[in-house]
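Student: I would like the atomic coordinates for the input below:
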Amino acid sequence: MPSPPLPDFSSSVKLKYVKLGFRYIVNNFLTFLFVPVIISTILQFLRNGPDEILSLYNSLELDLIHILCSSFVLIFAMTVYFMSRPRRVYLIDYACFKPSPACRVPFASFMEHTRMICTDQKSVQFQTRILERSGLGEETCLPPANHYIPPKPTMEASRAEAELVIFSAIDDLVKKTGLKPKDIDILVVNCSLFSPTPSLSAMIVNKYKLRSNLKSFNLSGMGCSAGLLSIDLARDLLQVYPGSNALVISTEIITPNFYKGNRRDMLLPNCLFRMGAAAILLSNKRRDASRSKYRLLHVVRTHKGADDRAYRCVYQEEDSDGHCGISLSKDLMAIAGDALKSNITTIGPLVLPMSEQLLFFFTLVGRKLINPKWRPYIPDFKQAFEHFCIHAGGRAVIDELQKNLQLSAEHVEASRMTLHRFGNTSSSSLWYELNYIESKGRMRRGDRVWQIGFGSGFKCNSAVWKCLRTVKAPVDGPWEECIERYPVEIPEIVKL
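Tutor: Next up, the predicted model:
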């Protein structure tokens, strides 16, 4: 008779509790080790009488000079430690631009304009298929210049969009925080594809009459991951300048980047990218800790630009007809996966509990020494984070990360709903996702948030935040008027 099949040990309830017990013991190993020692020492000390304690003190033969010298060394060491450790960086608050309903682009309007602009029916059909499977909803918005037939990507219209999205986000942040122009010490602006002269940072300085000794930076050409690059730059500057506030602006200006040609790899951005911006206020002042929402724990940057395929997978160029656009390579998802692998290899030891690191290490050693066919162990990042903000670059990006990181539907809900409601807003999408989590009332004190961004170059960047206070809903922001309708069911294909 054939032997009965073996049970599925990987889904066994008993194995589940064994793993839970292993994690608990390993993560609390030092507690289990030192608590009994400390308790036994205290009990032994209490058993001694006053005479024995006094004789022990006399046996040490301490005099005033020894005590003073020891105290000085201790105080000096503590002073050096506290002076040399990195300054804490706090996120006081942030604000996201909320587009006007007048900028809304329903599917029917988008495709009608596409048919009127584009004479190649194959290109129209291709954009229809992309939009049907994109995961975008009916309320995404494009700037006013893109509503014209044909669109008007002029310098004037581009500046008008920049002023609209950036100034609106800053004004909302000022209302939330009471920020005054004289309080801003550092300004960092990132916008990948629109870099006018004077710069966008100079435009902000002029509008709000910021101080002349302001540290101002304008980042361009760094793609959708530039938002976390700006956070990293602001963090480094806050380590150098004590008692400072940093204003970070993340946006992408859509107006000048409409592609008029027929190359399929360059038509994708027309279908996915939408208008958006975010303004973030950071501080290194200890007194701001009580009113801040988050504390920055880690920023990890990965750059794959040394590889030619990675360098060219998101590439601005002209087609054969001279139309300028952004080319997205078919290798994009594979390259993004490779960049993510490198990034999590670096961030893992910083955030994962010891139990996950040991399981990963033992599996790696086993594959090297015992059996190379063993499945590699994927660390459970759900043990390290309560919330995930994955760049809403497209449905395929979110699907791939959900699969590779073994995340639940709820973990990627903020990313999917942001893509559906606002589209791909480039570097600012992470902040729309964070606002979604807050608006749902899910952010609790002590929760950890992992923001993951991808961008041209090719880059994968991560930021880890710790929530300092429970954020109560409702929350002011772009989700304020529609959060009750979400989450929504997003079909695989929306027939147009």
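
Student: correct me if wrong: residue 377 contacts residue 363.
Tutor: Yes - between residue 377 and residue 363 a contact is recorded at 3.7 Å, counting by C-beta atoms under 8 Å. Every residue, glycine included, has its C-beta placed from N, CA and C.

Student: quickly list what's touching both of those two.
Tutor: Counting by C-beta atoms under 8 Å, 6 or more residues apart in numbering, residue 377 and residue 363 have no contacts in common.

Student: now the stretch 351-496 of the chain, which segments are flagged as low pLDDT?
Tutor: Along the stretch 351-496 of the chain, segments meeting pLDDT under 70 span 376.

Student: how about the strands in it?
Tutor: For the stretch 351-496 of the chain, strands defined by DSSP state E, counting those that start in this stretch occupy the ranges 387-390, 448-455, 459-467.

Student: how about the longest helix belonging to the chain: buried residues?
Tutor: Of all the segments of type helix in the chain, defined by DSSP state H, the longest one is helix 155-177. If you call a residue buried by 16 or more other C-beta atoms under 10 Å, then helix 155-177 has these buried ones: 157-162, 164-170, 172-174, 176-177.

Student: so the helix or strand just after it versus helix 155-177, what angle?
Tutor: Next along the chain after helix 155-177, taking DSSP states H and E as the criterion, comes strand 186-190. Counting by axes from the mean of the first three to the mean of the last three C-alpha atoms, to 10 degrees, strand 186-190 points 130 degrees away from the direction of helix 155-177.

Student: just checking: what are the partner strands of strand 186-190?
Tutor: strand 215-219 (parallel), strand 245-252 (parallel) (DSSP bridges).

Student: among these, show me which one is buried the most.
Tutor: strand 245-252 (a mean of 27; mean count of other C-beta atoms under 10 Å).

Student: give me the mean pLDDT for that strand.
Tutor: Confidence over strand 245-252 (mean pLDDT, whole number) is 98.

Student: that strand to strand 448-455, inter-axis angle?
Tutor: Going by the same axes, to 10 degrees, strand 245-252 makes 50 degrees with strand 448-455.

Student: can you give me the strands in the stretch 1-150 of the chain?
Tutor: Using DSSP E, counting those that start in this stretch, strands in the stretch 1-150 of the chain cover 90-96.

Student: low-confidence bits of it, can you list those?
Tutor: Looking at the stretch 1-150 of the chain by pLDDT under 70, you get 1-34, 44-46, 48-49, 51-54, 56-64, 66-67, 81-84.

Student: and residue 86, how close does it get to residue 408?
Tutor: 34 Å (C-beta to C-beta, to the nearest Å).

Student: residue 119 now?
Tutor: Distance from residue 119 to residue 408, counting by C-beta to C-beta: 45 Å.

Student: now residue 296
Tutor: In terms of C-beta to C-beta, residue 296 sits 26 Å off from residue 408.

Student: between those two, who's got more neighbours?
Tutor: residue 296 (20 against 10; other C-beta atoms under 10 Å).

Student: just the buried residues of the host helix or strand of the more buried one, please?
Tutor: Element membership of residue 296, judged by DSSP H and E, is strand 294-303. Within strand 294-303, the residues that count as buried by 16+ other C-beta under 10 Å are 294, 296, 297, 299, 300, 301, 302, 303.

Student: how many neighbours does the nearest residue to residue 99 once chain neighbours are set aside have?
Tutor: Among residues not flanking residue 99 along the chain, residue 141 sits closest, at 3.6 Å (C-beta to C-beta, 6 or more residues apart in numbering). When neighbours are defined as other C-beta under 10 Å, residue 141 has 24 of them.

Student: please apply the same query to the one 10 residues further on.
Tutor: The burial metric for residue 151, expressed as a neighbour count using other C-beta under 10 Å, is 21.

Student: what pLDDT does the model give it?
Tutor: The predicted local confidence for residue 151 is 92.

Student: could you measure from the nearest residue to it once chain neighbours are set aside over to residue 105?
Tutor: Nearest non-adjacent residue to residue 151, counting by C-beta to C-beta, 6+ apart: residue 258, 4.7 Å away. Counting by C-beta to C-beta, the separation of residue 258 from residue 105 is 12 Å.

Student: hey, what's in contact with both of the two?
Tutor: residue 146.

Student: can I assume residue 351 is in contact with residue 386?
Tutor: No - the pair residue 351 / residue 386 is not scored as a contact, 11.9 Å apart, by C-beta under 8 Å.

Student: which of the two has more neighbours?
Tutor: Per other C-beta under 10 Å, whichever of residue 351 and residue 386 has more neighbours is residue 351, with 20 against 16.

Student: for that one, give its distance to residue 175.
Tutor: 34 Å.

Student: same deal with residue 495?
Tutor: Counting by C-beta to C-beta - residue 495 and residue 175 are separated by 42 Å.

Student: go on, residue 139?
Tutor: 24 Å.

Student: the longest helix of the chain to strand 90-96, inter-axis angle?
Tutor: Using the same axes, to 10 degrees: helix 155-177 against strand 90-96 is 130 degrees.

Student: alpha carbons only: can I get helix 155-177 in CSV?
Tutor: Taking C-alpha atoms only, helix 155-177 is exported to CSV below (Å, rounded to 0.1, in the frame of the first residue of the first chain):
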residue,chain,number,x,y,z
MET,A,155,7.3,77.4,-19.6
GLU,A,156,4.6,79.7,-18.3
ALA,A,157,2.2,76.9,-17.8
SER,A,158,4.9,74.7,-16.2
ARG,A,159,5.7,77.5,-13.7
ALA,A,160,2.0,78.0,-13.0
GLU,A,161,1.7,74.3,-12.1
ALA,A,162,4.7,74.4,-9.9
GLU,A,163,3.4,77.5,-8.0
LEU,A,164,0.0,75.9,-7.6
VAL,A,165,1.1,72.5,-6.2
ILE,A,166,4.1,73.8,-4.1
PHE,A,167,2.6,76.9,-2.6
SER,A,168,-0.7,75.0,-1.8
ALA,A,169,1.3,72.3,0.1
ILE,A,170,3.4,74.9,2.0
ASP,A,171,0.3,77.0,2.9
ASP,A,172,-1.4,73.9,4.3
LEU,A,173,1.8,73.0,6.3
VAL,A,174,2.0,76.6,7.7
LYS,A,175,-1.7,76.3,8.9
LYS,A,176,-0.9,73.0,10.6
THR,A,177,2.3,73.9,12.4
